[in-house]
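1. pasting the sequence and the predicted coordinates here, then a few questions.
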Amino acid sequence: NAGVTQTPKFQVLKTGQSMTLQCAQDMNHEYMSWYRQDPGMGLRLIHYSVGAGITDQGEVPNGYNVSRSTTEDFPLRLLSAAPSQTSVYFCASSRQGGSTEAFFGQGTRLTVV
Amino acid sequence: GNSVTQMEGPVTLSEEAFLTINCTYTATGYPSLFWYVQYPGEGLQLLLKATKADDKGSNKGFEATYRKETTSFHLEKGSVQVSDSAVYFCALLPNDYKLSFGAGTTVTVRA
């Protein structure tokens, strides 16, 4: 059982480049989300999705796009990378509703130079 | 809005010492509360949870009680081990299902 799989694990981008962080889950979870982790700030919600075809913004959505064409996949796109987007990115999934546990991927460490 | 405030670290302890990490929250309604743990180089994993007032979550010797009157969910362990060295996050899940995290507390346990 793979759980939540993120790729790549590490990435270095130049300012202005674009890229897509991949996230896939095999637990048939309705709810998926992307967070960024920065020192002293915990995890902040970027975008989330409550099901295929439905996405919404979280706390820090600027500079990022998402789509949810299938239940399994929830890619995060950086449109034009900036040094402020240097961070560790986590994808998470959970069942919708109730006090459900969120399952996290292992993270992508992104550096923008 | 919803928010979580947790004790700042880092915290350094000797093996077998008592650990407490304070967590307080602000939320409307009746959120569920969680503690997640992040070991070096890994993602977060659920440590314990509580879904209503006075519930006690427990796992791996860790405990936390959902105190609505003080809006708190403090994490405790009576005797820590080196393997407990990690970053601990308090989190709340409100009615809109957007999980909110505290800043994280880094715990280092020395042999």
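-> In hand now; what should we look at?
2. list the residues that contact residue B:44.
-> Contact partners of residue B:44, counting by C-beta atoms under 8 Å, 6 or more residues apart in numbering or on different chains, are A:43, A:90, A:92, A:102, A:104, B:36-38, B:89. (C-beta placed from N, C-alpha, C; glycine too.)
3. again, 6 Å this time
-> Contacts were defined as C-beta atoms under 6 Å, 6 or more residues apart in numbering or on different chains; by that measure residue B:44 touches A:104, B:36, B:38.
4. could I get the residues you listed as CSV with distance to residue B:15 and pLDDT?
-> Shown next, in CSV, are the contacts of residue B:44 (distance: C-beta to C-beta, whole Å; pLDDT from 0 to 100):
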residue, distance to residue B:15, pLDDT
A:104, 28, 93
B:36, 23, 96
B:38, 21, 94
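5. which of these lies closest to residue B:52?
-> Comparing those against residue B:52 with C-beta to C-beta places residue B:36 closest, at 19.2 Å.
6. hmm, back to that, quick one: the contacts of residue B:44 as a markdown table, columns for neighbour count too.
-> Formatted as a markdown table, the contacts of residue B:44 follow (neighbours: other C-beta atoms under 10 Å in any protein chain shown):
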| residue | neighbour count |
| --- | --- |
| A:104 | 24 |
| B:36 | 25 |
| B:38 | 21 |
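7. number of residues surrounding residue A:39?
-> Applying other C-beta atoms under 10 Å in any protein chain shown, we find 10 residues neighbouring residue A:39.
8. state the pLDDT value of residue 73.
-> Went with chain A since none was named. With respect to pLDDT, residue A:73 has a value of 97.
9. meant chain B, my bad for not saying
-> Per-residue pLDDT puts residue B:73 at 97.
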